[in-house]
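Q: Take this sequence and fold it.
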Amino acid sequence: MPRTEYFEIVAKSALNRVQHMGFNWSLNPYQGCFHSCVYCFARAHAKLADRDPGAGFSARVGVKVNLPDLLRGELSRRGWKRETVAFGTATDPYQPIEGSYRLTRRCLEAFRDFRTPVGLITKGTMVIRDIDVLVELSRQAKTTVCFSIPTVDETVWAKTEPGTPPPQKRLKVLKALVDAGIEAGVGMAPVLPGLSDSPGQLEATVAAAAEAGACFVWANIVYLKPGTKEHFMGFLAREYPQLLARYRDLFPGAYAPAAAKAPVIAAVGAFKRRHNIGDRRAWRAEPPAEPVQLGLAV
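A: Next up is the predicted model:
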C-alpha cells in the first residue's frame, strides 16, 4: 500500500443532516480512509466533493481536529432532541490515525455526557481501546457497534480490503464488546457477486459471527455509484478480469437488480436462523477492572 499523508482540517460543523437513510444525523471525524477498500461507497461522496475518489481517497486523509469541541457545542443546544447519530458513515472512525488524535474517543465521551444514542460502524479493532466509554454510553443511551465484515474468506479480504485488520481479529473484538454488555454485531456488506456470495462463503461468515456472540447480522450486496464504480471496475480489470462482463451487466447504473440481491438476503436469513443469531450479551454491573488484552495489532 502507498504511504498515507495526513492533513488537519478545521471543520465548520460536526453533525451532518442526512435524508432518506433511516437515520437523521451522521458524524465523521476523518475525510478519506486508510483502509483502502476497493468497493467503498464513500468514494462516491469524495467525487461529489471534487476530491480524488481513487488512490487519493486513502493516500490523503483529512483529520477534523476541532470535531469533538464542535460536537459538544451542538449537543448542548436546547433544540437537540437526542436523536440517533450514525458514527462512521463516510470514513472509518477507527483507522490507524485515531491512535494519535483520539477524535473518536472524545466524540464518544461527548455522546455519553449528553446521553445521545449512537450507531457506530467500523472495520477497526482499535474500538477495543474505548470499551470503557462504550459501556458508560450504553448505560445512558442506545448504543450499537456494527463491525463491517463482508466475508471471512481471507483471499477475498486481502484483495478487497488491503488496509484493514483481518476478519477474525474483528470478531475477537466483537466478542469482547458483547461480553462487556455492548450491543455489537456484523454487517455483511458489501457482498460481492462472484467473489463472496457463494452459499459456503455466506454461511461461513454467519457462523463466525454467531461463534463470536454477535447480537445481529445483516447483509447487502455492493452498489456502485460514480466514483466508486470506476475505482472498483479498475480493480476487477486487474485482479478478476473474468468478472468484468458480469458486473457491466449487473450494474448499468449504481444498483444491481432485485433478482441479484434477493437470493443473498434470503440465504443470509436462513443461515442466521440455522446458527441462532441473537442478542447474547452478558451484562456486567461495572466495566472490566483492567483493559481487555487480546494480543491484537490495532
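
Q: Tell me where the stretch 1-150 of the chain has strands.
A: Under the criterion DSSP state E, counting those that start in this stretch, strands of the stretch 1-150 of the chain are mapped to 5-9, 16-17, 25-27, 30-31, 60-64, 85-87, 118-122, 143-148.

Q: mind putting those in a markdown table, distance to residue 247, mean pLDDT and mean neighbour count included?
A: In this view, the C-beta of every residue, glycine as well, is placed from N, C-alpha and C. Formatted as a markdown table, these follow (distance: least, C-beta to C-beta, whole Å; pLDDT from 0 to 100; neighbours: other C-beta atoms under 10 Å):
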| stretch | distance to residue 247 | mean pLDDT | mean neighbour count |
| --- | --- | --- | --- |
| strand 5-9 | 31 | 96 | 12 |
| strand 16-17 | 30 | 94 | 11 |
| strand 25-27 | 28 | 97 | 21 |
| strand 30-31 | 28 | 97 | 23 |
| strand 60-64 | 28 | 97 | 19 |
| strand 85-87 | 28 | 97 | 23 |
| strand 118-122 | 25 | 97 | 22 |
| strand 143-148 | 21 | 98 | 23 |
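
Q: right, so of those, which gets closest to residue 94?
A: The closest of the strands of the stretch 1-150 of the chain to residue 94 is strand 118-122. By C-beta to C-beta, the value is 4.6 Å.

Q: quick one on the thing from earlier: and of the strands of the stretch 1-150 of the chain, who's closest to residue 191?
A: It's strand 143-148; of the strands of the stretch 1-150 of the chain, that one is closest to residue 191 (C-beta to C-beta) at 11.6 Å.

Q: Give me the mean pLDDT for the helix or strand following that closest one.
A: Sequence order places helix 154-160 as the next helix or strand after strand 143-148, per DSSP states H and E. Averaged across helix 154-160, pLDDT comes to 98.

Q: Next SSE downstream of helix 154-160?
A: Remark: after helix 154-160, the chain's next helix or strand is helix 167-179, criterion DSSP H and E.

Q: Contacts for that next one, please.
A: 123, 125, 127-128, 131, 134, 145, 147, 149, 151-152, 154, 157, 184-186, 205, 208-209, 211-215, 280-282, 292, 294, 296-297 (C-beta atoms under 8 Å, 6 or more residues apart in numbering).

Q: Report the buried residues of that helix.
A: Buried residues in helix 167-179, counted by 16 or more other C-beta atoms under 10 Å: 167, 169-179.

Q: any chance you could map the helices in this structure?
A: Assigned by DSSP state H, the helices in the chain fall at 42-48, 56-59, 67-75, 98-101, 103-113, 131-140, 154-160, 167-179, 199-211, 228-239, 244-250, 258-274.

Q: Would you reformat those helices as TSV and include distance to residue 219?
A: TSV is the format used below for those (distance: least, C-beta to C-beta, whole Å):
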stretch	distance to residue 219
helix 42-48	19
helix 56-59	24
helix 67-75	31
helix 98-101	27
helix 103-113	25
helix 131-140	24
helix 154-160	15
helix 167-179	14
helix 199-211	8
helix 228-239	18
helix 244-250	17
helix 258-274	4
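
Q: So which of those is nearest residue 22?
A: The closest approach between residue 22 and any of these, judged by C-beta to C-beta, belongs to helix 258-274 at 16.1 Å.

Q: Buried residues in the closest one, which are they?
A: Within helix 258-274, the residues that count as buried by 16+ other C-beta under 10 Å are 260-261, 264-265, 267-268, 271-272.
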